[in-house]
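>>> need coordinates for the below:
(4 chains)
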Protein chains: 2
Amino acid sequence: MVTLNDVARLAGVSRSAVSRTFTDGASVSDRMRRKVKKAADELGYRPNALASSLTTGRTKMIGLISNNFHNPIFLQVFDLFTRGLQQRGLRPLIVNLSDETNPESSVDMMRQYSVDGVIVASSTLAPEFAKAFRQNNLPVVHCFGRSNPSPEVHVVGIDNVEAGRMAARELARRGYRKIGFLGGPKEATSTQDRREGFCREAAAHPDLEVSLSYAEAYSFSAGREEMLRLLQDVPCDAYFCGDDVLSLGALSAVKERGLIVPDELGIIGLNDMEMSSWEGIDLTTIHQPIQQIINSSIEMIVSMLDEPDQYPQARLFPCRLAERNTLRAPQ
Amino acid sequence: MVTLNDVARLAGVSRSAVSRTFTDGASVSDRMRRKVKKAADELGYRPNALASSLTTGRTKMIGLISNNFHNPIFLQVFDLFTRGLQQRGLRPLIVNLSDETNPESSVDMMRQYSVDGVIVASSTLAPEFAKAFRQNNLPVVHCFGRSNPSPEVHVVGIDNVEAGRMAARELARRGYRKIGFLGGPKEATSTQDRREGFCREAAAHPDLEVSLSYAEAYSFSAGREEMLRLLQDVPCDAYFCGDDVLSLGALSAVKERGLIVPDELGIIGLNDMEMSSWEGIDLTTIHQPIQQIINSSIEMIVSMLDEPDQYPQARLFPCRLAERNTLRAPQ
DNA sequence: GCCCAATTTGCAACCGGTTGCAAAAAATGC
DNA sequence: GCATTTTTTGCAACCGGTTGCAAATTGGGC
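A predicted model of the protein is given here:
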């Protein structure tokens, strides 16, 4: 392992000189810089990022926290986050909170590794997790968090209430009368908000009839099971599923029962994950601008590195309908 | 930020005493330990993992490198790796090599962050990447790497040649005569090995007729496009696709052309990702024991932390057929 | 060539821990 | 109770960098 000492010795200069050539903005003459660079190249020297973090207080590592590693949308989430962070010279340290229930202990983990900030990427993780980071003075952005006008931490995502409205409006517009909400886990804020928007909009259409139900998780099997249950009774004309993967589960159940989509039963999802547009799936869904959401999350966390005491804000992006083949055309 | 100094001062003991109570195996009396713990609890002290790494030379961080963030199998890969590493007190630092072509620069990245070891999780990344780590004395395990009997780095995965044989054998057994290999990218070692096994086994059945083709990537759209192309000509009776997501793309093309699966055309995949067993998909595929592969990779990297100069070995797990609905029953 | 300001350089302390070594304290044997 | 061994403790140096400050160098103006 080549250290700064080795380079200083070979170049015949002080340690500070070496350090300064590798930190931009430092005062070094060109001649010195060249001399040091030459020695460094010769030895293959790379500054140790962790050692420098000791004095600078910056590790350039960002905790990327999630609890949902089974939803295909997370392929995009991971891809976009890792690339975006890398581009800015940051590194994601991943934390899988699938079987962790205690916010405090996850804060401990992040502090032990002195991450500069934390991105919580989940709509099902209790808001207490994000808050716990903030209370421990860790910059935090809650990606896919609750679209509160006065949030306790920075939030980036969509307006779930509005998304719910949009779904109901769309179902109404296409002439479905008995419409159902098939949400994800009841405890998830995303479920609650989407339901609220859905019901509010439905209430504005006096001819609509609404029913509510919930899957146990944002997963294929949970969506399928809930839909199978619903189909034992008299089902609705159309369902708004709280998530695309839930929609696929529901579709699987519907088709198994021999109902024709979208004529006998319509399905609209939310997310527009990559798979949803695959030929043969063709899920009509509410598109979440995930690239923007993630870029914005990264920008936010980066800005907090310089200025940690920002007043928490919510940055919400508009959704749009991705029209495919699981809802019938407007009448 | 509470440091070891603060704790030492409050407890009225030396810094070493505090350090020792938090490193197991160190010599501290019970009385001392209690005294220190009390002060530490009072202040909410957590040792700084990165600071200690400076002297111990261990960061407990493992680089997790991949270039394939679009294949749904990677949901499981990430989930299993992150959990497995966490359980052992290690942390994954993710590197997305999607647009990186230079092994040297990825080595630099990992060295700058002083990871203790690197797991390369990809079958399409050139073996040079894994080798570059080894040449720089970084413990490395190539997960899903080439099943070479005398590899240059530790390899964990399946025997791709054998998997190819298995596919051909299975197609033959079910009475398909004209059989096709629809591989992933030609450059990928996994493609090459699977093709080799496939052809060798086919050659042992004189009545079989074999044709070869390749998709541009392990992706849905690449699989679909290649299959559409094949269907313009006279297609085979059955295809072995080099990966499940490729199979889904192929299936989409086949169904679009109105061919009935598995009677008119059979498809067998490889991987058995979670989706493949979803009702409505029901892909017959060669199951890769991914949990074992990943646990084994983690074990290997852990063992290398203590003993870095191991002779490279390949640890290959047997596959089994996951029989579903895209191949017809044996005659 | 001299004086003064601006720039560059090195010294030394520091970041938050760990660890070899010797001194101090406790345990053991008689 | 004393000598000897074992265990516990603190000192101080070190890990690989950064940075404030003062000394040294350079450059500009005349």
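
>>> thought residue A:263 was touching residue A:238, still the case?
No. The pair residue A:238 / residue A:263 is not scored as a contact, 10.7 Å apart, by CB atoms under 8 Å. Every C-beta, even on glycine, is put in place using the N, C-alpha and C of the backbone.

>>> for the stretch 1-150 of chain A, what lies in contact range of chain B?
Counting by CB under 8 Å from any CB of the partner chain, the stretch 1-150 of chain A comes close to chain B at A:46-51, A:53-54, A:59, A:61, A:64, A:69-72, A:74-76, A:78-79, A:82-83, A:86, A:91-96, A:98-99, A:108-109, A:111-114.

>>> max-length helix in chain A?
Counting residues, the longest helix found in chain A (DSSP state H) is helix A:290-306.

>>> higher neighbour count, residue A:238 and residue A:263?
Each of residue A:238 and residue A:263 has its neighbours counted (other CB atoms under 10 Å in any protein chain shown); residue A:238 has more, 26 against 9.

>>> the lowest-mean-pLDDT helix or strand in chain A: how far from the chain's middle?
Lowest by mean pLDDT, DSSP states H and E among the helices and strands of chain A is helix A:103-112, with a mean of 88. Going by CA atoms, centre = their mean, to the nearest Å, the spacing between the C-alpha centre of helix A:103-112 and its chain's C-alpha centre is 20 Å.

>>> what's in contact with the following helix or strand past that helix?
With elements assigned by DSSP states H and E, the helix or strand that comes after helix A:103-112 is strand A:117-121. Contact with strand A:117-121 is made by A:62-66, A:74, A:77, A:81, A:110, A:129-130, A:133, A:138-145, A:297-298, A:301, A:304-305, as judged by CB atoms under 8 Å, 6 or more residues apart in numbering or on different chains.

>>> can you point out the buried residues in the helix or strand following strand A:117-121?
Heading C-terminal from strand A:117-121, the first helix or strand you meet, by DSSP H and E, is helix A:127-135. Judged by neighbour count (16 or more other CB atoms under 10 Å in any protein chain shown), helix A:127-135 contains these buried residues: A:127, A:129-134.

>>> ok so, going back, what about the next helix or strand after the longest helix of chain A, average pLDDT?
Following helix A:290-306 in sequence order, the next helix or strand is strand A:314-317 (DSSP H and E). Rounded to a whole number, the mean pLDDT of strand A:314-317 is 95.

>>> just stretch A:213-231 next, same as before
96.

>>> mind exporting the C-alpha coordinates of that stretch to CSV?
Presented in CSV, the C-alpha positions along stretch A:213-231 are these (Å, rounded to 0.1, in the frame of the first residue of the first chain):
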residue,chain,number,x,y,z
SER,A,213,-59.1,-3.7,-0.2
TYR,A,214,-55.5,-4.2,0.7
ALA,A,215,-52.7,-6.6,-0.3
GLU,A,216,-50.3,-7.7,2.4
ALA,A,217,-47.3,-6.4,0.6
TYR,A,218,-46.2,-4.8,-2.6
SER,A,219,-45.7,-8.1,-4.3
PHE,A,220,-47.0,-10.3,-7.1
SER,A,221,-48.3,-13.1,-4.8
ALA,A,222,-50.0,-10.6,-2.4
GLY,A,223,-51.7,-8.9,-5.3
ARG,A,224,-52.8,-12.2,-6.8
GLU,A,225,-54.1,-13.6,-3.6
GLU,A,226,-56.1,-10.5,-2.8
MET,A,227,-57.6,-10.4,-6.2
LEU,A,228,-58.5,-14.1,-6.1
ARG,A,229,-60.3,-13.3,-2.9
LEU,A,230,-62.2,-10.4,-4.5
LEU,A,231,-63.2,-12.5,-7.4
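
>>> so which bits of that stretch are buried?
Buried positions in stretch A:213-231, judged by neighbour count with 16+ other CB under 10 Å: A:214-215, A:217-228, A:230-231.

>>> right, is that stretch up against chain B?
Yes. Using CB under 8 Å from any CB, stretch A:213-231 comes into contact with chain B via A:220, A:224.

>>> residue A:307: neighbouring residues, count only.
Residues within reach of residue A:307, counting by other CB under 10 Å, total 8.

>>> which residues touch the closest residue to chain B within the stretch 101-250 of chain A?
When scored by CB to the nearest CB, the stretch 101-250 of chain A has residue A:112 as its residue closest to chain B, at 4.5 Å. When contacts are counted by CB under 8 Å, 6+ apart, residue A:112 touches B:46-49.

>>> mind picking the two most distant members of the residues you listed?
Among those, the pair separated by the greatest distance (CB to CB) is B:46 and B:49, at 8.6 Å.

>>> so these two - more neighbours on which side?
Set side by side, residue B:46 and residue B:49 show more neighbours around residue B:49, with 20 against 16, by other CB under 10 Å.

>>> my read is that that one contacts residue A:113, right?
Yes. Counting by CB under 8 Å, residue B:49 touches residue A:113, with 5.4 Å between them.

>>> residues from the stretch 51-200 of chain A in reach of DNA strand D?
Residues of the stretch 51-200 of chain A lying near DNA strand D by CB under 7 Å from any atom of the strand: A:51-52, A:54-56.

>>> the spatially most central residue of chain A and DNA strand C, how far apart?
Among the residues of chain A, the one closest to the centroid is residue A:121, at 3.9 Å (CA atoms, centre = their mean). Per CB to the nearest atom of the strand, to the nearest Å, residue A:121 is found 28 Å from DNA strand C.

>>> for residue A:187, same thing?
The value you get for residue A:187 to DNA strand C, if CB to the nearest atom of the strand is used, is 36 Å.
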